[in-house]
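J.: Based on what follows, work out the 3D shape:
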Amino acid sequence: MKQTLVGVIEAGEPLIQQAIDAQRRYHAAQDAGQPAKEVERLRQEAESLYQAVTKYQLRSLGGPARSLH
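T.: Got it, this is the predicted structure:
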């Protein structure tokens with residue numbers, strides 16, 4: 001089955017939403033002046049989710065295959 005960009009985006013939408021929500025939590029923590037350790041944890045969480053989105057989209061569109069372990 002040939003997948004389209006729209007199909008890939010729609011299929012990955014829950015993961016994309018998680019990444020967006022994580023980014024918002026990170027920025028809210030910065031704005032609220034939360035401790036640096038917590039801000040950094042939230043930044044890493046957001047970054048990790050965005051990387052997962054990118055990897056998912058690349059694999060779904062037939063991009064470079066990398067080991068998943």
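J.: Give me the residue ranges of this protein where confidence is low.
T.: Scanning the chain for pLDDT under 70 picks out the ranges 1-3, 5, 8-9, 64-69.
J.: for stretch 54-62, which positions count as buried?
T.: For stretch 54-62, the neighbour count (16 or more other Cβ atoms under 10 Å) marks Gln57 as buried. For every residue, glycine as well, the C-beta is placed using N, CA and C.
J.: Could you give the separation of that stretch from the chain centroid?
T.: Averaging C-alpha positions (Cα atoms, centre = their mean, to the nearest Å) puts stretch 54-62 12 Å from its chain's average.
J.: then it to PDB, C-alphas only?
T.: Provided in PDB are the C-alpha atoms of stretch 54-62 (Å, rounded to 0.1, in the frame of the first residue of the first chain):
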ATOM      1  CA  THR A  54      10.500  12.600  12.700                       C
ATOM      2  CA  LYS A  55      11.700   9.000  12.800                       C
ATOM      3  CA  TYR A  56       8.100   7.700  12.400                       C
ATOM      4  CA  GLN A  57       7.400   9.900   9.400                       C
ATOM      5  CA  LEU A  58      10.700   9.000   7.700                       C
ATOM      6  CA  ARG A  59      10.100   5.200   8.200                       C
ATOM      7  CA  SER A  60       6.500   5.600   7.100                       C
ATOM      8  CA  LEU A  61       7.500   7.300   3.900                       C
ATOM      9  CA  GLY A  62      10.200   4.800   3.100                       C
END
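J.: now the helices for this structure?
T.: Taking DSSP state H, the helices of the chain run over residues 5-11, 13-32, 36-60.
J.: Next, the angle helix 13-32 makes with the longest one.
T.: Angle between the axes of helix 36-60 and helix 13-32 is 160 degrees (criterion: axes from the mean of the first three to the mean of the last three Cα atoms, to 10 degrees).
J.: List the buried residues in helix 36-60.
T.: Residues of helix 36-60 classed as buried by neighbour count (16+ other Cβ under 10 Å): 39, 42-43, 45-46, 49-50, 53, 57.
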